[in-house]
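Student: Predicted structure and sequence below. I'll ask about it afterward.
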Amino acid sequence: MDFELSESQEMFRSTLRDFVQRSVKPQVHHLEQNGIYPSDLVSEMAAMGLFGLCIPSAYEGLELDSISMALVFEEISRAWMGLAGILGTHTIACAMIAKFGTESQREKFLPALARGERRTAMALSEPDAGSDLQAITTRATRTESGYHVDGTKLWITNARHANPLPVLVKTDPQATPRHRGMSILLIETPRTGLEVTKDLPKLGYRGPETCEVVLSGVEVPADALLGGQEGQGLQQALWALQLGRINIAARGVGLSQGALEAALAYAHHREAFGEKIVQFQLIQEKIADMATEIQAARLMTYWAASQHDKLGRADTETGMAKLFASEVALRSALEAMRVHGGYGYSQEFDVERLYRDAPLLAIGEGTNEILRTVIARNISREFRS
Ligand SMILES: Cc1cc2nc3c(=O)[nH]c(=O)nc-3n(C[C@H](O)[C@H](O)[C@H](O)COP(=O)(O)OP(=O)(O)OC[C@H]3O[C@@H](n4cnc5c(N)ncnc54)[C@H](O)[C@@H]3O)c2cc1C
C-alpha cells in the first residue's frame, strides 16, 4: 500500500493549485454572490485540458487515472464547489461515451468534448423519478429514421451548454424487468422540440445552471442511440454514476478542506476574553475533529478511485467514499461556521457559501440513503457467498 501521490500526480496537483489560487479564489465571491456564469474560468479550464479528464488520449483527452481526476475536483472545490460542477456531469458523460459509445459516436463527439468546444451533461432525473430511475416516463418511440421523444427532465445541471445531451429514455415501456426497456440517446442541440424551459433557483451550487428540459415531439436520428443497442441505458447510466461518486467524494474533501482553512485563519485572528480563539480547547476540538475526518475522507476517496481503476466498477467502494466524504463536508461546513461565530452567518465570509453548497453532496449521484442500501446489499451478498 502506498499512501503517497505519485510524482506526476503531485505535479498535476500543484498546477491545479496555481490555477485555483491565481484565477478562482480572487473571483469566487463576486461571481457566486451575483450569480454570474464563470465564462473566463471555463475557458481557462478548457485550455488546461480539464474537459477531457477521462477521455482517452486517442481522442485528444488527458486520459487521467481516477486519483488524478479526484484531485481536480478536490482542488477546485477547495475554492468553489460550484465551479467543479461545470466539469462534473460533463466528465462522467464523456467517460460513458468513451466506454459505451460506438466508434463513430466516439470520433464524432470526444475530441470536441475534450477541447471544451462541445460540452455535455446527464439528463436522467424527472419530476416524478430521481432515485427510482426505472420509473422515468420520457418515451422514445421508433420511427423510420430514428426516434420521436416526449418527456420532461428535471434538475439537469449544465443543460444550457450541453451538445450532445445524453437523455435516459424508455424505448420499451412494457419491458420486464423495467431496465431492459431503457436506453440513452445522445441528442444534439439545438433541436426542434427540445427546450430548456427554466433554471431552477437553488440554495447553493451556483455557477452551473440546473434546469428543467422539456422534450416535445423531438425527432432524433437512430445513430444517436448510445452504443447502438437498445436496453442498455440504465446500466450505462449507473456505471457513469459510480464514477461520478468519486468526483462527489473529492468535492466533499475539497469543500471540507476549504472550511478547515477558513476556520483556522479566523481562529488565529479573532480574539475573545483577551486571547486568540484558537487557544480555546473547544475550538481546538473542532479543528482536530475536522482535520481528522477530512484526512480519512481523502484517503477513502483515493482508495475508491484506485479500486475503480483496478476493478472497472466499484459501487461499494465509491459509494462508501461518497457517503462518508459528503457527510464530512456537511459537518465541516457547519463547524467552520460555528468557529466564525456571528460572522459565519454573514454573506461576507466564505463559510456561508460552503454551508449552502455542502448539502447537494448528500443528494447528487445517488442520495446517501440510497447509497447506504447499495453498500448494505453488496456487503450482505459478499457475506452470504
Ligand atoms: C442541484 C442539483 C443538481 C442535480 N443535477 C442533476 C443532473 O445533472 N442530472 C440528473 O439527472 N439529476 C440531477 N439532480 C437530481 C438528483 O440526482 C436527484 O435529486 C436525486 O437522485 C434524488 O432524487 P429525487 O430528488 O427524485 O428524490 P427521491 O428519489 O424522491 O427521494 C426522496 C427521499 O426519499 C429517499 N429515498 C428514495 N428511495 C429510497 C429507498 N429505496 N430507500 C431509502 N430512502 C429512499 C431519498 O434518499 C430522499 O431522502 C440534481 C439535483 C440537484 C438538487
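Tutor: Okay, I see it. Numbers count the residues shown, from 1 in each chain.

Student: Contacts only, for the closest residue to the ligand within the chain.
Tutor: In the chain, no residue comes nearer to the ligand than residue 130, which is 2.0 Å away by Cβ to the nearest ligand atom. To be clear about C-beta, it is placed using only N, CA and C from the backbone, and glycine gets the same treatment. For residue 130, the contacting residues are 155, 367, by Cβ atoms under 8 Å, 6 or more residues apart in numbering.

Student: Next, give phi and psi for it.
Tutor: Per-residue torsions, residue 130: phi -130, psi -70 (degrees, to the nearest 10).

Student: partner residues bridging residue 141?
Tutor: residue 148 (DSSP bridges).

Student: Confirm for me that it is in contact with residue 147.
Tutor: Yes. Counting by Cβ atoms under 8 Å, residue 141 does reach residue 147; the two are 6.5 Å apart.

Student: Between the two, which has more neighbouring residues?
Tutor: residue 147 (22 against 12; other Cβ atoms under 10 Å).

Student: Tell me how far that one lies from residue 185.
Tutor: 6 Å (Cβ to Cβ, to the nearest Å).

Student: would you list every one of the helices in the stretch 51-200 of the chain?
Tutor: Using DSSP state H, counting those that start in this stretch, the helices of the stretch 51-200 of the chain run over 66-79, 81-100, 103-115.

Student: shared neighbours of residue 147 and residue 185, anything?
Tutor: Counting by Cβ under 8 Å, 6+ apart, the shared contacts of residue 147 and residue 185 are 140, 169, 220, 224-225.

Student: Columns pLDDT and neighbour count on top of those residues, output as JSON lines?
Tutor: Converted to JSON lines, these look like this (pLDDT from 0 to 100; neighbours: other Cβ atoms under 10 Å):
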{"residue": "140", "pLDDT": "98", "neighbour count": "31"}
{"residue": "169", "pLDDT": "98", "neighbour count": "28"}
{"residue": "220", "pLDDT": "98", "neighbour count": "25"}
{"residue": "224", "pLDDT": "98", "neighbour count": "21"}
{"residue": "225", "pLDDT": "98", "neighbour count": "23"}
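
Student: Reformat the helices of the stretch 51-200 of the chain as JSON lines; add distance to residue 123.
Tutor: Converted to JSON lines, those look like this (distance: least, Cβ to Cβ, whole Å):
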{"stretch": "helix 66-79", "distance to residue 123": "21"}
{"stretch": "helix 81-100", "distance to residue 123": "9"}
{"stretch": "helix 103-115", "distance to residue 123": "15"}
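
Student: How about residues contacting stretch 318-325?
Tutor: Residues contacting stretch 318-325 (Cβ under 8 Å, 6+ apart): 242-243, 245-246, 248-253, 256, 296-298, 300-301, 303-305, 307-308, 361, 365-366, 368, 371-372, 374-375, 378.

Student: Next step: those residues restricted to helices.
Tutor: Among the contacts of stretch 318-325, the ones falling in helices (DSSP state H) are 242-243, 245-246, 248-253, 256, 296-298, 300-301, 303-305, 307-308, 368, 371-372, 374-375, 378.

Student: filter these to the buried ones?
Tutor: Among the ones in helices among the contacts of stretch 318-325, the ones that count as buried by 16 or more other Cβ atoms under 10 Å are 242-243, 245-246, 248-253, 256, 297-298, 300-301, 303-305, 307-308, 368, 371, 374-375.
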